[in-house]
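>>> sequence and predicted structure, then a few things I'm wondering about:
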Amino acid sequence: MISIISSTNRPNSKSDIIATYISDVLSKKEINNQMLSLTALNGMTIHNEMYNKENQASIIVKLQDQFFLDVETFIFIVPEYNGGIPGILKFFIDAISIRKYAETFHNKKVCLIGVSSGRSGCTRGLDYMTNALNYLKMNVFSSKLPISSVHLLTNETEVTDADTKEALNVQIESFLKF
Ligand SMILES: Cc1cc2nc3c(=O)[nH]c(=O)nc-3n(C[C@H](O)[C@H](O)[C@H](O)COP(=O)(O)O)c2cc1C
């Protein structure tokens, strides 16, 4: 099983489109996968009990159990927000780090893909995520794919640019050998 994490709660995000493309590619290869869009956190109230493992929001517990425990392989699609990662992604990582820490992160494999409307493809965010996930004892695949000007490469629902599809296919193929 591979969990694909679309790392924003922005509705109709380009990250969701890239994540859906990756899910389709994996499914065509008959590789089990599941996609988590952080839009799933919609309506959740932020409260101080997020740091109490006995009393976390039920949605956090449910998503952690389904998408992280007993899953060894992850693909994070990370959009660039203000030169870094979306706050909701750091919030989610902090929340799930409180309960079942080792079972959630240790020695698991991660592929990172950045997305931006600007020119950088979230390279700073990918560097940040590499450091943070390494700190959590995750093994981050050295080859990372920054996708810049994503609005020119997609329409409302799918990836339209052939070169981008090819770059994603190559990224997935090489990550599967990691
Ligand atoms: C709060 C916020 C901050 C953003 N900051 C940046 C930025 O610093 N650089 C950039 O190239 N794009 C920035 N963007 C645009 C995103 O890169 C763009 O929306 C892109 O489609 C990827 O994000 P998405 O998955 O939410 O669609 C920002 C978008 C939002 C909502």
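Perfect, thanks for sending it. Being a predicted model, the structure only gives us computed values, none of them experimental.
>>> now do the strands in this protein.
2-6, 33-37, 73-79, 109-115, 139-140, 145-147 (DSSP state E).
>>> for the ligand, find the nearest of these.
For those, proximity to the ligand was assessed by C-beta to the nearest ligand atom; strand 73-79 is nearest, at 3.2 Å. Any C-beta I mention is one placed from the backbone N, CA and C, and that applies to glycine too.
>>> so which elements touch the closest one?
Applying 3 or more C-beta pairs under 8 Å, 6 or more residues apart in numbering; DSSP states H and E, one finds that strand 73-79 contacts strand 2-6, helix 14-28, strand 109-115, helix 123-135.
>>> identify the residues contacting that strand?
With contact meaning C-beta atoms under 8 Å, 6 or more residues apart in numbering, strand 73-79 is reached by 1-8, 10, 13-15, 18-19, 22, 85-86, 89, 108-116, 122, 125-126, 129, 138, 172, 175.
>>> of those residues, which are in range of the ligand?
8, 10, 13-15, 115-116 (C-beta under 6 Å from any ligand atom).
>>> the residues you listed: which two are farthest apart?
10 and 116 (12.9 Å; C-beta to C-beta).
>>> the more surrounded of those two?
residue 116 (23 against 16; other C-beta atoms under 10 Å).
>>> now for the residue lying closest to the more buried one once chain neighbours are set aside, how many residues are close by?
Nearest residue to residue 116, sequence neighbours excluded (C-beta to C-beta, 6 or more residues apart in numbering): residue 80, at 3.7 Å. Neighbourhood size, residue 80 [other C-beta under 10 Å]: 25.
>>> so who does residue 80 touch?
114-118, 120-122, 124-125.
>>> surely residue 84 meets residue 125?
Yes. If you go by C-beta atoms under 8 Å, residue 84 and residue 125 touch, sitting 5.2 Å apart.
>>> so these two - more neighbours on which side?
Set side by side, residue 84 and residue 125 show more neighbours around residue 125, with 27 against 16, by other C-beta under 10 Å.
>>> smallest gap between the chain and the ligand, at which residue?
residue 118 (2.4 Å).
>>> for that residue, grab the count of nearby residues.
That count, for residue 118 with other C-beta under 10 Å as the rule, works out to 11.
>>> good, we can wrap up now.
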